[in-house]
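J.: Got a predicted structure here, sequence first:
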Amino acid sequence: MPYADPSNHELPFQSGSETSYEAAKRANDFVGEQGAEVLHWLQDQGLHGATQKEVAAALDLGRPSVCARVHALEKRGDLQKTEGRRDGCAVYVAIRRRS
């Protein structure tokens, strides 16, 4: 699922920190699931899209997690930031890919 660097499927961690490394390993298990959940929910929103704040509320996820998933999905080409804004926040829409 979405990672910032598609060639590296490990989450980043603080070099030299065993705690950071272990946290990144544990997070790897749910990052893909969260990314898929965020993408599917945004696909359901159609052209109305959603802000990160709306995604966090709808999926009961923390804003930092949503921010990371949205950024990775945008970088991967699955989401696009629109010119629209709601409640001071950018609106994102899912990109429909042709088969």
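T.: The structure has been received and is ready for your questions.
J.: where does the closest residue to Arg86 other than its chain neighbours fall, phi/psi-wise?
T.: Excluding its sequence neighbours, the residue lying closest to Arg86 (Cβ to Cβ, 6 or more residues apart in numbering) is Thr51, at 5.4 Å. C-beta coordinates here come from the backbone N, C-alpha and C atoms, glycine included. Phi and psi for Thr51, reported as degrees, to the nearest 10, are phi -90, psi 160.
J.: Relative to Cys89, how far out is Thr51?
T.: Thr51 sits at a distance of 4 Å from Cys89 (criterion: Cβ to Cβ, to the nearest Å).
J.: Compare the two and say which one has the larger neighbour count.
T.: Neighbour totals were compared for Thr51 and Cys89, and Thr51 leads with 19 against 13 (other Cβ atoms under 10 Å).
J.: Please name the residues that touch the more buried one.
T.: Residues in contact with Thr51, defined by Cβ atoms under 8 Å, 6 or more residues apart in numbering, are Arg85, Arg86, Asp87, Cys89, Ala90, Val91, Tyr92.
J.: Which strand runs longest in the protein?
T.: Criterion DSSP state E: the longest strand present in the chain is strand 79-86.
J.: how about it as CSV, C-alpha atoms only?
T.: These are the backbone C-alpha positions of strand 79-86, laid out as CSV (Å, rounded to 0.1, in the frame of the first residue of the first chain):
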residue,chain,number,x,y,z
LEU,A,79,-5.5,11.4,-4.8
GLN,A,80,-5.4,15.0,-6.0
LYS,A,81,-5.6,18.1,-4.0
THR,A,82,-8.2,20.4,-5.5
GLU,A,83,-8.4,24.1,-5.5
GLY,A,84,-11.4,23.8,-3.1
ARG,A,85,-11.3,24.5,0.6
ARG,A,86,-13.7,23.7,3.4
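J.: show me what contacts Thr56?
T.: Careful, residue 56 is Ala and not Thr. Gly62, Arg63, Ser65, Val66.
J.: any idea which element the spatially closest residue to the first one that is not a sequence neighbour lies in?
T.: Take Gly62 and drop its neighbours on the chain: the residue closest to it by Cβ to Cβ, 6+ apart is Ala56, 6.7 Å away. Counting by DSSP states H and E, the secondary-structure element that holds Ala56 is helix 52-59.
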